[in-house]
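Asker: Turn this into a model:
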Amino acid sequence: MREKGLKEQHKGHVYAVYVSASQRGKGAGHALIAALVEKAKQDSSLEHILLCVASTQQAARQLYRSFGFETFGTEPRSLKIGSTYIDEDHMLLRVR
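Answerer: Now for the predicted structure:
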């Protein structure tokens with residue numbers, strides 16, 4: 001998703017990436033992020049991509065790191081499921 005505001009048009013966001021349990025470990029997530037990064041690099045107006053990932057999602061965090069995403073902060077108790085809180089890592093990939 002791209003920002004529309006004049007001062008934020010250089011940013012893109014990735015939201016709600018999910019690979020079903022039956023497809024995990026088969027390269028679907030890798031292919032999806034690879035296509036996204038390639039498309040982003042072709043857009044000269046896009047400078048970086050932002051995303052958030054649950055701190056507990058080690059496989060997803062490693063996937064994003066393999067593409068060069070870096071963690072720049074963690075939001076404690078970002079998500080609440082019932083009485084359980086989950087932290088989220090904020091990650092960024094510079095494409096320019």
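
Asker: can you pull the buried residues of the helix or strand hosting A31?
Answerer: Assessed by DSSP states H and E, A31 sits inside helix 28-42. Residues G29, I33, L36, V37, A40 are the ones in helix 28-42 that count as buried (16 or more other C-beta atoms under 10 Å). Every C-beta, even on glycine, is put in place using the N, C-alpha and C of the backbone.

Asker: show me the contacts for D89.
Answerer: Residues counted as contacts of D89 (C-beta atoms under 8 Å, 6 or more residues apart in numbering) are C52, V53, A54, S55, R61, T71, G73, T74.

Asker: Give me the distance between the two termini of stretch 62-75.
Answerer: 18 Å (C-alpha to C-alpha, to the nearest Å).

Asker: Pull the residues that contact it.
Answerer: 29-30, 33-34, 37, 49, 51-53, 55, 61, 87-94.

Asker: cool, and stretch 31-48?
Answerer: With C-beta under 8 Å, 6+ apart, stretch 31-48 has contacts from 2, 9-12, 14, 17, 19, 49, 63-64, 67, 92-96.

Asker: Just the buried ones out of the residues you listed, please.
Answerer: Here, 16+ other C-beta under 10 Å leaves K11, G12, V14, V19, I49, L63, Y64, L92, L93, V95 buried among the contacts of stretch 31-48.
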